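In: need a structure here:
(2 chains)
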Amino acid sequence: NAGVTQTPKFRVLKTGQSMTLLCAQDMNHEYMYWYRQDPGMGLRLIHYSVGEGTTAKGEVPDGYNVSRLKKQNFLLGLESAAPSQTSVYFCASIRRENTEAFFGQGTRLTVV
Amino acid sequence: AQSVTQLDSHVSVSEGTPVLLRCNYSSSYSPSLFWYVQHPNKGLQLLLKYTSAATLVKGINGFEAEFKKSETSFHLTKPSAHMSDAAEYFCVVRDLRGTYKYIFGTGTRLKVLA
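Out: Got it, this is the predicted structure:
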């Protein structure tokens, strides 16, 4: 039982390059979330999904896109990376409304 | 809209003394509330959760928190700090209805002095 798996774990991008981060969960959870963590700012919600085929904007969605074509996968895309997107990215999933989130181990992204 | 305020960005305590990490929340509906801990360069671990049952919630490693609706607070406490408690702690709120967002506070870094 892998839980929540993020791919890749580390990545260095050049400004303007694109990439996709993959979040996969094997717990049949309905809700999935993407966050970025920056020093002193906690985890800020980028986008989230309440079910297969649905997505919604969080607190800091600009510069990112997401897709949830399959229930178990939630993809986060950066179309044109900027140094301000250097961060640690966490994915999470939740089974239903009043349960806790399960987190991936994070992706450390550096944009140079 | 829901939000979380962690009142202290840094807290220092001596080993063996009590810990108090403060959290206030705002929520349009009945919230679920959580505390997570993150050790340096590690992932997030759930300490405890409140989901509209008992207002005093006990978690792992001797931590507990009390939900006070009248004060919109969910402070985290521990009677006696241990060196291994040094970490960053996050308070999280989630509406049980509404947007389904899972919102983090900005975190409190706990330092434990020998």
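
In: what about the strands in the chain?
Out: In the absence of a named chain, this looks at chain A. A:4-7, A:10-13, A:19-25, A:31-37, A:43-49, A:56-57, A:65-67, A:73-78, A:87-94, A:102-103, A:107-111 (DSSP state E).

In: that answer is for a different chain, and I need it for chain B
Out: Taking DSSP E as the criterion, chain B carries its strands at B:3-6, B:10-14, B:19-21, B:23-26, B:31-38, B:44-50, B:56-58, B:64-68, B:73-78, B:87-95, B:102-104, B:108-113.

In: which pLDDT value goes with the residue positioned nearest the centre of chain A?
Out: For chain A, the residue sitting closest to the mean C-alpha position, by Cα atoms, centre = their mean, is A:W34 at 3.0 Å. Looking at A:W34, its pLDDT is 97.

In: so it makes contact with A:I46?
Out: Yes. If you go by Cβ atoms under 8 Å, A:W34 and A:I46 touch, sitting 4.5 Å apart. All C-beta atoms are positioned from the backbone trio N, CA, C, and that covers glycine.

In: if I look at B:L48, how far off is chain A?
Out: From B:L48 across to chain A, the span is 9 Å (Cβ to the nearest Cβ, to the nearest Å).

In: just checking, that residue touches B:L56?
Out: No. Judged on Cβ under 8 Å, B:L48 makes no contact with B:L56 at a distance of 10.2 Å.

In: ok so, going back, need the overlap of contacts for A:W34 and A:I46.
Out: A:G58, A:Y64, A:V66, A:L76, A:Y89 (Cβ atoms under 8 Å, 6 or more residues apart in numbering or on different chains).

In: what does chain B have sitting close to chain A?
Out: B:6, B:9, B:32, B:34, B:43-44, B:46, B:49, B:51-52, B:90, B:92, B:94, B:96-97, B:99-107 (Cβ under 8 Å from any Cβ of the partner chain).

In: one step back: tell me, what's touching B:L48 and B:L56 both at once?
Out: By Cβ under 8 Å, 6+ apart, the residues touching both B:L48 and B:L56 are B:E64, B:A65.

In: ok, those two, which is more surrounded?
Out: B:L48 (20 against 9; other Cβ atoms under 10 Å in any protein chain shown).

In: what sits against the more buried one?
Out: By Cβ under 8 Å, 6+ apart, the neighbours of B:L48 are B:F34, B:W35, B:V57, B:K58, B:G59, B:I60, B:F63, B:E64, B:A65, B:L76.

In: are any of those buried, and which?
Out: With burial judged by 16 or more other Cβ atoms under 10 Å in any protein chain shown, the buried subset of the contacts of B:L48 is B:F34, B:W35, B:V57, B:G59, B:F63, B:E64, B:A65, B:L76.

In: and A:G104, its phi and psi?
Out: When read as degrees, to the nearest 10, the backbone of A:G104 gives phi -80, psi 180.
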